[in-house]
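A.B. asks: have a look; sequence and predicted model below, questions after that.
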Amino acid sequence: MRAMILTAASAFCLLGCMTPQEKALKQQAEMDRMMAEFGPACVQLGYAANSDPWRNCVLQLAAKDGKYEGVSTSIFGSWGRWGGSGVGIGIGIGR
């Protein structure tokens with residue numbers, strides 16, 4: 001009985017896991033939605049489409065909107081809770 005419970009718990013844990021490829025596809029789809037939703041407004045604000053300032057505008061509007069709270073574009077290091085440091089670069093979506 002114990003082995004069966006352990007096997008079932010392991011199976012449920014694995015079902016919740018995503019491969020790096022699946023995570024990347026999910027993040028890309030989220031970025032595509034943000035660009036479609038906020039991109040036209042940034043063009044109207046005078047930013048050339050698909051330029052770095054335009055992308056920054058899209059991210060800022062998405063952050064202000066609040067629907068995309070998990071957006072991260074930090075390229076700066078940070079000090080962790082236990083004194084360690086971390087450096088990240090890129091765009092991440094989700095929690």
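C.D. replies: Sure, I can see it.
A.B. asks: surely Gly39 meets Ser51?
C.D. replies: No. Judged on CB atoms under 8 Å, Gly39 makes no contact with Ser51 at a distance of 11.1 Å. C-betas here are computed from N, CA, C, even on glycine.
A.B. asks: looking at these two, which is more packed in?
C.D. replies: Counted by other CB atoms under 10 Å, Gly39 and Ser51 do not tie: Gly39 has more neighbours, with 19 against 11.
A.B. asks: does that one belong to a helix, a strand or coil?
C.D. replies: Following DSSP: H, G, I helix; E, B strand; the rest coil, the label given to Gly39 is helix.
A.B. asks: the bottom helix or strand of this structure by mean pLDDT?
C.D. replies: Using mean pLDDT, DSSP states H and E, the weakest-scoring helix or strand in the chain turns out to be strand 77-79, at a mean of 45.
A.B. asks: from Glu37, how far off is the spatially closest residue to Ala41 that is not a sequence neighbour?
C.D. replies: In space, and not counting its chain neighbours, Ala41 is closest to Leu61: 6.2 Å by CB to CB, 6 or more residues apart in numbering. In this view, Leu61 and Glu37 are 8 Å apart by CB to CB, to the nearest Å.
A.B. asks: one step back: show the pLDDT at the residue nearest to Ala41.
C.D. replies: Listed pLDDT for Leu61 reads 91.
A.B. asks: tell me the buried residues in the host helix or strand of it?
C.D. replies: Counting by DSSP states H and E, the element that carries Leu61 is helix 52-65. The neighbour-count check on helix 52-65 (16 or more other CB atoms under 10 Å) flags 54-55, 57-59, 61-62 as buried.
A.B. asks: from the contact counts, what lies against it?
C.D. replies: Packed against helix 52-65 by the contact rule (3 or more CB pairs under 8 Å, 6 or more residues apart in numbering; DSSP states H and E) you find helix 20-44.
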